[in-house]
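Asks: From the sequence below, what's the structure:
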Amino acid sequence: MTWRPVIALAACLCACSGMSAELQRPRPKQRTVLPSRLLDGLESHEGLTYARYGGRSLQLDLYRPKNDRRPLPAVVCVHGGGWAKGDRKSHANLAKALAARGFVTATISYRLSGESRFPAAIHDCKAAVRWLRANAAHHGIDAGRIGAAGLSAGGHLVALLATSAGVAELEGDGGHPDRSSTIQAAVPMGAQTDFMSERNRLVSAQRDIWQAFLGGSQEDQPERYRLGSPLTHLNEGDPPVLFLSGEFDDPSTHADRFRARMEELGIPTGFTAIPGAPHGFMGGQEWFDFCIERAATFLHQHLDRP
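Replies: Alright, predicted model coming up:
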């Protein structure tokens, strides 16, 4: 057995967050497993095509509670992997656990940086939101109540999805242009929100990942770095955002400047550190359960009808 792919993925996740190897030491006491009673209470619709770009199509996996035909709020789940690795299955547990809490959830594939550079990935996220609205009646979704959650690179995309409503360059042409891609709540986890920071100017292990995603350095591509920064687009019309990150994740994932600006604008926001957790915490049962409790509470608070 070779460990190279595992090591490469860990390095990619580490670089996305800015973590050092020292901060990766925490190990879960127990690996994440969803109980059978939770899984038995869900219906699933996997491999649904939500966007097309010529001959290229993208799929999502959709989950919802069985025997509940009420229109429910929806949550788009966006996986991580440094915008270069991973797939939608890595957020299947997140999607299923949130579905068991009373949401329709969709974990999505999106074009990775090796296939298409920014803004392709955010185009795909917005296409997924529009698809959910276009198919709301069929899947029992309340089209006016859609949120998003994701970890690492997925957390960045969720934060960007939350703040970039109406930014034409980020909409894309993945389908259903008559539908809105605006979301009503977001839970970015281990997320970057400011690509114009000093950290992104430094020559470091992360530099190749930023450049692969954004098509060059901050110095060479300042407009792409600004366009890709959730902080750039933040305004008074944006939805509530809760940030989660592992206790041992890099401080850049706390979104201090972003949250301070949200508070100035009077938009509900917050930050919670998951005790004892590293950047990639989804695989640890204790950390995962903590995450689901906080995320579901926040999403219900801001997506449920009064």
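Asks: give the contact list for Ala273.
Replies: For Ala273, the contact set (Cβ atoms under 8 Å, 6 or more residues apart in numbering) comprises 244-247, 249, 254. C-beta coordinates here come from the backbone N, C-alpha and C atoms, glycine included.
Asks: Convert the strand or helix carrying it to PDB, retaining C-alpha atoms only.
Replies: Element membership for Ala273, per DSSP states H and E: strand 269-274. C-alpha atoms of strand 269-274 as PDB (Å, rounded to 0.1, in the frame of the first residue of the first chain):
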ATOM      1  CA  THR A 269     -22.600  36.400  12.100                       C
ATOM      2  CA  GLY A 270     -20.400  34.400  14.400                       C
ATOM      3  CA  PHE A 271     -17.400  32.100  14.800                       C
ATOM      4  CA  THR A 272     -17.000  28.900  16.700                       C
ATOM      5  CA  ALA A 273     -13.800  26.900  17.200                       C
ATOM      6  CA  ILE A 274     -14.300  23.100  17.300                       C
END
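Asks: Can you give the strand pairings for that strand, parallel or anti for each?
Replies: In the sheet, strand 269-274 lines up against strand 241-246 (parallel) (DSSP bridges).
Asks: how much distance is there from the partner strand to the middle of the chain?
Replies: Offset of strand 241-246 from its chain centre (Cα atoms, centre = their mean, to the nearest Å): 11 Å.
Asks: On the C-terminal side of it, identify the next helix or strand.
Replies: The helix or strand immediately downstream of strand 241-246 is helix 256-265, counting by DSSP H and E.
Asks: And stretch 29-44, what's buried?
Replies: 32, 42 (16 or more other Cβ atoms under 10 Å).
Asks: go on, stretch 50-69?
Replies: Neighbour counts over stretch 50-69 (16+ other Cβ under 10 Å) mark 50-51, 53, 58-65 as buried.
Asks: This protein: strands as residue ranges?
Replies: Taking DSSP state E as the criterion, the chain carries its strands at 42-53, 56-65, 72-78, 104-108, 141-151, 185-189, 241-246, 269-274.
Asks: Look up how far Gly147 lies from the nearest residue to Gln285 once chain neighbours are set aside.
Replies: In space, and not counting its chain neighbours, Gln285 is closest to Gln30: 4.2 Å by Cβ to Cβ, 6 or more residues apart in numbering. The gap separating Gln30 from Gly147 is 28 Å, by Cβ to Cβ, to the nearest Å.
Asks: cool, Arg207 as well?
Replies: 32 Å.
Asks: Which one's more surrounded, the two?
Replies: It is Gly147, of Arg207 and Gly147, that has more neighbours when counted by other Cβ atoms under 10 Å, with 30 against 15.
Asks: and Ala255, what does it touch?
Replies: Here Ala255 is in contact with 159, 188, 191, 193, 243, 271 (Cβ under 8 Å, 6+ apart).
Asks: can you check Ala296 too?
Replies: Neighbouring residues of Ala296 by Cβ under 8 Å, 6+ apart: 97-98, 101-103.
Asks: from those, which two are the most distant?
Replies: Comparing every pair within those by Cβ to Cβ identifies Ala97 and Gly102 as the most remote, at 11.3 Å.
Asks: neighbour count winner among those two?
Replies: Ala97 (25 against 17).
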